[in-house]
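Trainee: Mind looking at a prediction? Sequence and model below.
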Amino acid sequence: MAHSPSSAVLVLGGARSGKSSFSERLVGESGLERHYIATGRAWDEEMRERIARHREDRGLGWVTHEEPVALADRIAAVARADRAVLVDCLTLWLTNLMLEERDIAAEFAGLLAAVKAAPGRLVLVSNEVGLGIVPENRMAREFRDHAGRLHQQVAAIASEVYLVAAGLPLKMKG
Amino acid sequence: MAHSPSSAVLVLGGARSGKSSFSERLVGESGLERHYIATGRAWDEEMRERIARHREDRGLGWVTHEEPVALADRIAAVARADRAVLVDCLTLWLTNLMLEERDIAAEFAGLLAAVKAAPGRLVLVSNEVGLGIVPENRMAREFRDHAGRLHQQVAAIASEVYLVAAGLPLKMKG
Amino acid sequence: MAHSPSSAVLVLGGARSGKSSFSERLVGESGLERHYIATGRAWDEEMRERIARHREDRGLGWVTHEEPVALADRIAAVARADRAVLVDCLTLWLTNLMLEERDIAAEFAGLLAAVKAAPGRLVLVSNEVGLGIVPENRMAREFRDHAGRLHQQVAAIASEVYLVAAGLPLKMKG
């Protein structure tokens, strides 16, 4: 599928695995202007708290963009040769696509094209969700399948892929 | 437990991790006659679709066998020095054993003996299901425990073990 | 956070991954006096069976301590230069803390101090629980978040960290 890998980095990890901190470190080390695309929607108090805590953990020096759905367009608009862009995270974006009943395959194709075309440094964070028991809920099973396919597609064009556990990155590719 | 490792390969991975595609590649690279043992039962429409999609993904050039329960016997019947046999997957086989209330320990012992004795190339695919929250459902907890034990036993006699995430294999043994 | 790593080892793994057996092997190879701190409470028959099975698997030659809550104090009391201490496991300890509505952050800080100060060999086992679908239950989500944070904190001060799957250890640090 991917003949000319992009310079994008995919960072997978579980809940509270340290994947965001690791990704922020990758962006910081690039020395480029730091941009953050948040895909999460603040539906409820719990989510609002998580978003606020993430923002605080990041500290100053970031330009934050909120983009729950039109991620491909936003990456195209934000990415520049002198910028490092962190997308946090693909699984929240997927949640939003499913809630809005978007055409998942078309959205994934759009994202892949934007990732391939992005200049500068692009770091994509996502939750690995496929290593537990099969969920009883059909929607959750579909989500898991979509997430798995998305990770395979992004990993195929990424130049580096990491799996983070306990704050420690394991290099899977690159 | 295992003093003379067999030449079997165990491929673990999550849902839609790319474990089947990776395993098919391993079989393809062997240059041997390709056989596929499908353990899944088409209970419902969702399962029928998954099985059909898998078959389509595999493409031509495979001899397909369906064997939901008597896996050890089937491996003994199909495996030959000039064949590569892909079993997809151990967790669906375990599901069938539990539904039929088989003696799990005896079935595992039978499988291990068949794996050790198999000539040619044998690739066993299975779902890693133990890395999520403890399931509330007792049956799911038992399934998880059985699967974990089965993976340990097969890994102990396998010559190679891989964990696949995002389509990328991580070599655990071999 | 951690400038002088302790000589503690963190062993993460899923259900029935072989993490306890691997940890017991680490302790055995140390040649030191073997101590085992069990954090699990025998709430019900299923739990009693698991604890009994674990004790049987370990075999003779261990001094067993049961400590569901005051883990930091117990480590301080048991650890000595001529002893290897296995704590099994941090996630059951966390379960007990949450059920007793303890101050989680304070408890984690106490544990970290005890781990850093412990002489001899200290091996801490814990369940990786963050790689499945987001649980529907809020308590389970909080548990997952706490466990993830705890693993990051312990991993930061540990000299070695392993992720065990199918009985095979993957070295993440050290």
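Mentor: Received the coordinates, thanks.
Trainee: Contact partners for the residue of chain A most remote from its centre?
Mentor: Within chain A, the residue lying farthest from the chain centre (C-alpha atoms, centre = their mean) is A:Glu136, at 25.8 Å. Shown in contact with A:Glu136 (C-beta atoms under 8 Å, 6 or more residues apart in numbering or on different chains): B:Asn137. Glycine gets a C-beta too; all of them are placed from N, C-alpha and C.
Trainee: What distance do you get for it to A:Ala38?
Mentor: 30 Å (C-beta to C-beta, to the nearest Å).
Trainee: To which secondary structure element type does the residue farthest from the centre of chain A belong?
Mentor: coil (DSSP: H, G, I helix; E, B strand; the rest coil).
Trainee: I'd like to know how far it sits from C:Asn137.
Mentor: When A:Glu136 is compared with C:Asn137 (using C-beta to C-beta), they lie 13 Å apart.
Trainee: ok, back up a step: give me the phi and psi angles of the residue farthest from the centre of chain A.
Mentor: phi -70, psi -30 (degrees, to the nearest 10).
Trainee: same question, the one 5 residues further on
Mentor: The main-chain torsion angles of A:Arg141 are listed as degrees, to the nearest 10 and equal phi -70, psi -40.
Trainee: go on, A:Gly18?
Mentor: phi 90, psi 10.
Trainee: How about A:His54?
Mentor: Torsion angles, degrees, to the nearest 10, at A:His54: phi -60, psi -40.
Trainee: Report the secondary structure element holding the residue lying closest to it once chain neighbours are set aside.
Mentor: Distance criterion C-beta to C-beta, 6 or more residues apart in numbering or on different chains; nearest residue to A:His54, sequence neighbours excluded, is A:Ser20 at 6.5 Å. Using DSSP states H and E, A:Ser20 falls within helix A:19-30.
Trainee: Surely A:Ala8 and A:Ala155 touch.
Mentor: No. If you go by C-beta atoms under 8 Å, A:Ala8 and A:Ala155 don't touch, sitting 9.9 Å apart.
Trainee: Quick check: buried residues in the helix or strand bottoming out on mean pLDDT in chain A?
Mentor: Within chain A, no helix or strand scores below helix A:45-58, which has a mean of 78 by mean pLDDT, DSSP states H and E. For helix A:45-58, a neighbour-count test (16 or more other C-beta atoms under 10 Å in any protein chain shown) marks A:Ile51, A:His54, A:Arg58 as buried.
Trainee: Could you tell me which residues of chain A lie near chain B?
Mentor: Chain A comes close to chain B at residues A:10, A:12, A:14, A:128-134, A:136, A:138, A:141, A:144-149, A:151-152, A:154-156, A:161, A:163, A:170, A:172-173, as judged by C-beta under 8 Å from any C-beta of the partner chain.
Trainee: Separate out the buried members of those residues.
Mentor: A:10, A:12, A:14, A:128-134, A:144, A:146-149, A:151-152, A:154-156, A:161, A:163, A:170, A:172-173.
Trainee: Give me the subset of those lying in strands.
Mentor: Mapping these onto strands (DSSP state E) picks out A:Leu10, A:Leu12, A:Val161, A:Leu163, A:Leu170, A:Met172, A:Lys173.
Trainee: So for the first one, what pLDDT did the model give?
Mentor: pLDDT, A:Leu10: 98.
Trainee: One more: the fifth one?
Mentor: The per-residue pLDDT reported for A:Leu170 equals 97.
Trainee: For the spatially closest residue to A:Thr95 that is not a sequence neighbour, grab the count of nearby residues.
Mentor: Distance criterion C-beta to C-beta, 6+ apart; nearest residue to A:Thr95, sequence neighbours excluded, is A:Phe143 at 7.2 Å. For A:Phe143, the count of nearby residues is 20 (other C-beta atoms under 10 Å in any protein chain shown).
Trainee: hang on, A:Phe143 packs against A:Asn96?
Mentor: No. If you go by C-beta under 8 Å, A:Phe143 and A:Asn96 don't touch, sitting 11.5 Å apart.
Trainee: roughly how far out does stretch A:113-122 sit from the chain middle?
Mentor: 13 Å (C-alpha atoms, centre = their mean, to the nearest Å).
Trainee: Pull out the buried residues from it.
Mentor: Quick answer for stretch A:113-122 (16+ other C-beta under 10 Å): A:Ala114, A:Val115, A:Ala118, A:Gly120, A:Arg121, A:Leu122.
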